[in-house]
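>>> Here you go, sequence then predicted model.
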Amino acid sequence: VSWSGPGFKNKPLSKTAPKPGQVVEGMLIEAPEGEATLYRNFIDGAGPRAIGVGYHEGVNLAFDANNMRLAMIWHGEFIDGARHWIGRGQGFQPPAGSDVIRLPEGVVITELDNSDSIWPGSEYRTKELEFEGYVLDKFQRPTFNYSRGKLSITDKVIPVASPSKEKPGTIRRILKFSGKKPPSNLYLRLAQGKFEKDKMNYVDEELSLSVKGGKVLASNDELRVPIQFNNETAELEITYGWAE
């Protein structure tokens with residue numbers, strides 16, 4: 001016997017209380033029609049301050065609030081919430097869907113002396129950026145807010161459904177920067193690996209990327225984008241997809 005309700009389905013019913021340390025399986029969280037749903041907990045690959053977002057369009061992400069980074073994307077099922085239904089101490093929950101793509105760890109926005117400078121090493125929690133929460137739109141989709149000194153950053157994701165049921169949708173991410181006297185040598189690290197340029201896109205074996213508002217540079221097996229300010233503002237639009 002199982003039951004379902006708003007935001008979850010197929011949760012088993014039992015008269016027996018879970019034993020200490022027992023993991024209860026089968027509480028799949030899904031987004032309501034036309035909306036997103038959030039899961040704030042320990043997510044494998046996104047850290048203890050992870051914020052998972054599942055979209056009704058069938059794409060999902062995990063945001064790492066320790067380093068202000070898009071940590072993972074995947075498609076299909078969102079996440080099983082049963083592991084943390086009875087407590088937070090039962091480890092990290094992996095995504096429930098398929099084709100999980102893990103993005104660079106550590107801080108992903110930093111100042112560099114040159115475009116090919118070595119990227120700073122990974123930290124458990126960055127001191128360069130400060131998380132300032134998020135706001136939800138009418139579709140319950142979050143816009144993450146954070147700052148770097150006097151520079152304010154908003155980070156919004158818009159899911160784009162695929163016209164074909166056979167293919168996953170894409171994730172469109174819009175980053176906006178604003179602040180007085182912004183740094184002239186600020187970079188965003190997009191991805192790591194061997195990428196090839198395919199027309200306007202950058203593609204590896206798993207990930208497809210396209211960028212508007214900045215020129216993508218390939219350096220040290222990484223894709224980086226210098227953030228170019230105009231009248232103390234800058235904007236980048238990044239589309240993440242799954243390579244065919």
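Arrived safely, thanks for sending.

>>> Let me see the ranges of the helices in the chain.
Using DSSP state H, no helices are found in the chain.

>>> which secondary element of this structure has the worst mean pLDDT?
In the chain, the helix or strand scored least confidently by mean pLDDT, DSSP states H and E is strand 8-12, which has a mean of 67.

>>> pLDDT value on the most centrally placed residue in the chain, please?
Closest to where the C-alpha atoms of the chain average out (C-alpha atoms, centre = their mean) is Leu70, at 3.1 Å. We have a pLDDT of 97 for Leu70.

>>> Likewise for the one 5 residues further on?
Each residue has a pLDDT score; the one for His75 is 95.

>>> so who does it touch?
Listed by C-beta atoms under 8 Å, 6 or more residues apart in numbering, the contact partners of His75 are 58-60, 97-99, 168-169, 242. The C-beta positions use only the backbone N, C-alpha and C, and glycine is treated the same way.

>>> do Pro226 as well
115, 185-187, 214-215, 217.

>>> and if you look at Glu235?
Applying C-beta under 8 Å, 6+ apart, we find Glu235 in contact with 174-177, 213.

>>> tell me, how many neighbours does the residue lying closest to Phe42 once chain neighbours are set aside end up with?
Nearest residue to Phe42, sequence neighbours excluded (C-beta to C-beta, 6 or more residues apart in numbering): Phe92, at 4.5 Å. Phe92 has 15 neighbouring residues, counting by other C-beta atoms under 10 Å.

>>> Tell me, how many residues neighbour Thr233?
Neighbours of Thr233 under the rule other C-beta under 10 Å: 12.

>>> Please name the nearest non-neighbouring residue to it.
Thr233 sits nearest to Ser178 (C-beta to C-beta, 6+ apart), 4.7 Å away.
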